[in-house]
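got a structure for you, letters missing:
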DNA sequence: GTTGGGAGAATTTTT
DNA sequence: TTCTCCCAAC
């Protein structure tokens, strides 16, 4: 028997060993949230619960993986049979098992953001004659997505938005309807559909829901504050039979409301689950008291939150967080670099240091200077590996190879050929009868016969690769399949098309490395749309890439560093201009709070006074962020100019 | 129908 | 600065 009391503090212990029934764990930043969840899994297993009957839901791929790794360290390989993953992953899995009831065939495709946008654009052009006087596809997408994620009324949302020109809400509805029809015709689902279709499946087929609800004796949810209406209902449904639900979250850290997340879900939990046990984790094991003090002061300005206070457990660091007022971006960069160098001199490693910012492009200037001065750094860019054109090309080709071709992948591959564009691809797909499987000789001959003359040579090469894929059994060797595509044809295409062909070829090598041991190509293809750039950085790769970490605050959630530097603490930057316009300062403050609480010992906040606007004359003058001004004077050290 | 050039816009956060 | 859209020439 494990001595749980020796491993955990009293509140953690209470949560971990809670008896059956609903439990809400309010876990402030750095209070051992992940530790509590993973120990809960281990404790349940020690009580004799089969891991196959446990469902563990997270929001990001990284959190899912970390959770699994840490639980495995506790209980060993038996953990492999636990159901765990992001909401999207788990819904995806359920939908594959019940595709027909949900209104698709089992081989349905998941549209990533770009595919979804282009399909929506098509719907838009079909419905609206003059698209110049109509919201653009991105705006429509966010409108439709918001309606889906909040179960909101699209018509009302469209009416409420103050467009410069009058927009007919009926037209918006019509576009949305057309978009849904196109997805159905293509046997495809977008990200939001994964959630909404699963919920609808549960509602329309109670017997299907019952199968899962009976199976999952325990449901555990991480980051509950970030659930949207749909996700909260999915959780409620899945836990409805055994009523063993543990939701862990921190309303202070709800930073995804643009995706429909509503921290009121966590506030409403006790009403939806009457008699639930509530455990508060407030003892912080991460940050020095000086850092917790400004975090507490910052969040106190959000009146609508559950007030709770981070209690320090670490000894004082001996210095307050530093706020540096700088002249401009150049001086800010100098400050950052000097601070990094000082930290390195006092014994920190580059990996102990992170620079955080609100939006990816805020890091551009700093990146140049770091490179120039040869300070090692790693940056997770906004453009994900799986969103880049060349990686999508390779993935599309793998779809053709493995008989999982859909319209999108065929169009993508054919579009690479000279003289073939969207229309030709569409025509060929129709002539093939909306299916293509290279295992059937007739399909391959039929496709080859329809390729225009100009593209025949290229197609012969690709067709040869299709044959080799089959003959060499590459369905079980995705790594080799990608390499073959690159070397057999695509590299030549890259070189005649792009000036950065080498970089792109390297990305394909990275793609090839993504195949896990024993993972077949079809398995990989099923989930590839749900992978993100962070997925590309598995824990090992991250540890192997040393250097100062540059990251957005969103991507830094759940992580920690001894030294944290936050740049561009200015109005219109942090909080962002858009958030101010849309009156989302509360959310931005929570985001700022997340940024502050990443720091363990040393925190630097940079406030430049101006910025050169790229491409324009002169400078833009900046005001210090309201979040800086609201910090009580005695909690920070202020400095004007460089060290 | 495709492709390339050129002008123009824009640039949050994630599954 | 990089992507995106639009238009005109093959």
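Received it, and whenever you're ready, just let me know what you need. Just so you know, these numbers come straight off a predicted model, no measurement behind them.

which SS state does residue A:449 fall under?
helix (DSSP: H, G, I helix; E, B strand; the rest coil).

separation between it and residue A:431?
Look at residue A:449 and residue A:431: by C-beta to C-beta, to the nearest Å, they are 10 Å apart. Using the backbone N, CA and C atoms, a C-beta is placed for each residue, glycine as well.

wait, what's in contact with the closest residue to residue A:553 other than its chain neighbours?
Leaving out its chain neighbours, the residue that sits closest to residue A:553 by C-beta to C-beta, 6 or more residues apart in numbering is residue A:595, at 4.6 Å. By C-beta atoms under 8 Å, 6 or more residues apart in numbering, the contact set of residue A:595 is A:356, A:553, A:556, A:564, A:566.

go again with 10 Å.
A:255, A:295, A:298, A:354, A:356-358, A:551-554, A:556-557, A:564, A:566, A:569, A:574, A:603, A:605, A:627 (C-beta atoms under 10 Å, 6 or more residues apart in numbering).

likewise for residue A:549?
Per C-beta under 10 Å, 6+ apart, neighbours of residue A:549: A:350-356, A:377-380, A:542, A:555-556, A:559, A:561, A:564.

show me what it is bridged to.
In this entry, residue A:549 is beta-bridged to residue A:354, residue A:378, by DSSP bridges.

could I get the pLDDT score of it?
For residue A:549, the pLDDT comes out at 89.

residue of the stretch 201-350 of chain A nearest DNA strand C, please.
Closest to DNA strand C within the stretch 201-350 of chain A is residue A:329: 14.1 Å, counting by C-beta to the nearest atom of the strand.

next one, pLDDT for the closest residue to that residue other than its chain neighbours please.
Leaving aside its sequence neighbours, residue A:329 sits nearest to residue A:365 (C-beta to C-beta, 6+ apart; 4.9 Å). Listed pLDDT for residue A:365 reads 82.

now residue A:379
78.

what do you get for residue A:615?
So residue A:615 comes in at 52 (pLDDT).

next, count neighbours for the residue nearest to residue A:329.
19 (other C-beta atoms under 10 Å).

work out for me the element it sits within.
Per DSSP states H and E, residue A:365 falls inside helix A:364-372.

and the contacts of that helix?
With contact meaning C-beta under 10 Å, 6+ apart, helix A:364-372 is reached by A:328-330, A:332-334, A:336-337, A:340, A:355, A:357, A:363, A:375-377, A:379, A:381, A:547-548, A:550, A:565, A:567-568, A:606, A:611-612, A:614.

surely residue A:249 touches residue A:265?
Yes - Residue A:249 is in contact with residue A:265 according to C-beta atoms under 10 Å; the separation is 8.7 Å.

shared neighbours, these two?
Shared contacts of residue A:249 and residue A:265 (C-beta under 10 Å, 6+ apart): A:224, A:225, A:226, A:227.

circling back: neighbour count for residue A:449 and residue A:431, which is higher?
Between residue A:449 and residue A:431, residue A:431 has the larger neighbour count (other C-beta under 10 Å), namely 12 against 9.

not counting its neighbours along the chain, what's nearest that one?
Closest to residue A:431 by C-beta to C-beta, 6+ apart is residue A:450, at 6.0 Å.

just the pLDDT for the one you found.
In this model, residue A:450 carries a pLDDT of 89.

number of residues surrounding it?
15.

show me what contacts residue A:632?
A:293, A:294, A:297.

my bad, residue A:624
Residues in contact with residue A:624 (C-beta under 10 Å, 6+ apart) are A:323, A:325, A:569, A:570, A:571, A:605, A:607, A:608, A:609.

repeat the analysis, applying 6 Å as the threshold.
Residues counted as contacts of residue A:624 (C-beta atoms under 6 Å, 6 or more residues apart in numbering) are residue A:607.

quick one on the thing from earlier: give me the buried entries from the contacts of residue A:549.
A:350-356, A:377-380, A:542, A:555-556, A:561, A:564 (16 or more other C-beta atoms under 10 Å).

what's the nearest residue to the residue in chain A that DNA strand B sits nearest to if we skip its chain neighbours?
Nearest to DNA strand B, among the residues of chain A, is residue A:421, at 2.6 Å (C-beta to the nearest atom of the strand). Of all residues not flanking residue A:421 in the chain, residue A:415 sits nearest, at 6.5 Å (C-beta to C-beta, 6+ apart).

who are the packing partners of the top strand by length along chain A?
Counting by DSSP state E, the longest strand found in chain A is strand A:599-608. Packed against strand A:599-608 by the contact rule (3 or more C-beta pairs under 6 Å, 6 or more residues apart in numbering; DSSP states H and E) you find strand A:322-326, helix A:329-345, strand A:561-566.

any part of the last one near DNA strand B?
No - contact between strand A:561-566 and DNA strand B is absent, the nearest approach being 14.6 Å (criterion: C-beta under 7 Å from any atom of the strand).

please name the strands paired to that strand in the sheet, noting orientation.
strand A:353-357 (parallel), strand A:599-608 (parallel).

of all those strands, which one is nearest residue A:275?
strand A:599-608 (38.0 Å; C-beta to C-beta).

how about the helix or strand just after that closest one: buried residues?
Downstream of strand A:599-608, the first helix or strand assigned by DSSP H and E is strand A:610-612. Neighbour-count burial for strand A:610-612 flags A:610, A:611 (criterion: 16+ other C-beta under 10 Å).

quick one: average confidence on strand A:610-612?
Strand A:610-612 carries an average pLDDT of 79.

also stretch A:584-595?
Stretch A:584-595 shows a mean pLDDT of 89 in the predicted model.

as CSV, the strands paired with strand A:561-566 with distance to residue A:505 would be great.
What follows is the strands paired with strand A:561-566, written out as CSV (distance: least, C-beta to C-beta, whole Å):
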stretch, distance to residue A:505
strand A:353-357, 30
strand A:599-608, 37
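
for my notes, please list these in TSV and give distance to DNA strand C for each entry.
Output for the strands paired with strand A:561-566, formatted as TSV (distance: least, C-beta to the nearest atom of the strand, whole Å):
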stretch	distance to DNA strand C
strand A:353-357	18
strand A:599-608	19
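
tell me which of those sits nearest to residue A:33.
strand A:599-608 (16.1 Å).

next, the angle helix A:364-372 makes with the closest one.
Going by axes from the mean of the first three to the mean of the last three C-alpha atoms, to 10 degrees, strand A:599-608 is angled at 110 degrees with respect to helix A:364-372.

which parts of strand A:599-608 are buried?
Under 16+ other C-beta under 10 Å, the buried positions of strand A:599-608 are A:599, A:600, A:601, A:602, A:603, A:604, A:605, A:606, A:607, A:608.

which residues touch the third one?
With contacts defined as C-beta under 6 Å, 6+ apart, residue A:601 is in contact with A:288, A:317, A:562.

show the buried residues in those residues.
Using 16+ other C-beta under 10 Å as the burial test, the contacts of residue A:601 include A:288, A:317, A:562 as buried.

how near is residue A:523 to residue A:515?
Residue A:523 is 9 Å from residue A:515, by C-beta to C-beta.

next: residue A:315.
From residue A:315 to residue A:515 the distance is 46 Å (C-beta to C-beta).

ok, residue A:300 - how many residues close by?
Residues lying near residue A:300 (other C-beta under 10 Å) number 13.

please report phi then psi for it.
The phi/psi pair for residue A:300 (degrees, to the nearest 10) reads phi -60, psi -20.

chain neighbours aside, what residue packs nearest to the most centrally placed residue in chain A?
Nearest residue to the geometric centre of chain A (C-alpha atoms, centre = their mean): residue A:60, 5.4 Å. Excluding its sequence neighbours, the residue lying closest to residue A:60 (C-beta to C-beta, 6+ apart) is residue A:86, at 6.5 Å.

nice, that's everything, thank you.
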